[in-house]
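1. Pasted the sequence and its predicted model underneath.
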Amino acid sequence: EIYNREARVRELEGRMASGLGNYTLDDIQARDSEIAELKAANDAAQDWMAKAVEHHGMLQANIATLTEEKQSLQGQLAEMESKLPNTQSLEQLQSQLEQQQQALNASNQQCEQYREEINRLQTESGRYQEAHHQLQLAVDE
C-alpha cells in the first residue's frame, strides 16, 4: 500500500511539475496534504524497515553464535563419549556382573551347607569316638 501511495505521489508531483491537468487551488492543497501524509507514512515505514533489518541482523548474529556454541558442545560431548566405555559393553559387563554375583551367592550357600555338614560330621565323629572309647574301656575291663 505504501508503494502504491508513493507511486500516486510521484504521479501527482509529475503532473504538477509538468503543468498537466486542470486542478484548483483546493485540489492542489488537498494533494499537498496527501503527499505530506504519504511522505510521513513512507518515512515511518522506512524507519520501521531499517529497524527490522537491524533486528534481523542481530538475530542472525545470535544464530551464528549459538550455532558455534552448539558445534563446540557437540564436539565436547563426542570427546567425552569416546572416553566412556561403549554403552553396549557396559550393559554386557553389568549382565556378567549379575551372573557372577548369582554364582557367588550360590557358592556361598553351598559353602554354608558344607560347613553345616562338616559340623554335623564332626559332632557325629565325636560321638563315635566317645562310643569307641567307651567300647575300648569295656573290652579292657
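-> Received, thanks.

2. what packs against the helix-or-strand element of the chain with minimal mean pLDDT?
-> Taking mean pLDDT, DSSP states H and E as the measure, the chain has helix 2-18 as its least confident helix or strand, at a mean of 77. If you count contacts as 3 or more C-beta pairs under 8 Å, 6 or more residues apart in numbering; DSSP states H and E, helix 2-18 packs onto helix 25-83. The C-beta positions use only the backbone N, C-alpha and C, and glycine is treated the same way.

3. got the angle between the helix it packs on and helix 2-18?
-> Relative orientation of helix 25-83 and helix 2-18, computed by axes from the mean of the first three to the mean of the last three C-alpha atoms, to 10 degrees: 140 degrees.

4. helix or strand right after helix 25-83?
-> Next along the chain after helix 25-83, taking DSSP states H and E as the criterion, comes helix 87-140.

5. Work out the gap between that next one and the centre of the chain.
-> Centroid displacement of helix 87-140 relative to its chain, using C-alpha atoms, centre = their mean, to the nearest Å, is 54 Å.

6. How about stretch 80-97?
-> 22 Å.

7. remind me which residues of this protein are low pLDDT?
-> For the chain, applying pLDDT under 70 flags the ranges 15-25, 85-88.

8. 90 instead?
-> Within the chain, the stretches with pLDDT under 90 are 1-32, 34-35, 38, 77-96, 119-141.

9. And the least confident helix or strand of the chain, what's buried?
-> By 16 or more other C-beta atoms under 10 Å, the buried positions in helix 2-18 come out as 5, 6, 9, 12.

10. can the residues you listed go into TSV with extra columns for distance to residue 54?
-> Formatted as TSV, the buried residues of helix 2-18 follow (distance: C-beta to C-beta, whole Å):
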residue	distance to residue 54
5	25
6	22
9	26
12	32
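
11. which one among these gets closest to residue 59?
-> Of all those, residue 6 has the smallest distance to residue 59: 28.2 Å, by C-beta to C-beta.

12. Could you list which residues are in contact with the closest one?
-> Residues in contact with residue 6 (C-beta atoms under 8 Å, 6 or more residues apart in numbering) are 38, 42.

13. if you set the cut-off to 10 Å instead, what comes out?
-> By C-beta atoms under 10 Å, 6 or more residues apart in numbering, the contact list for residue 6 reads 35, 38, 39, 41, 42, 45.
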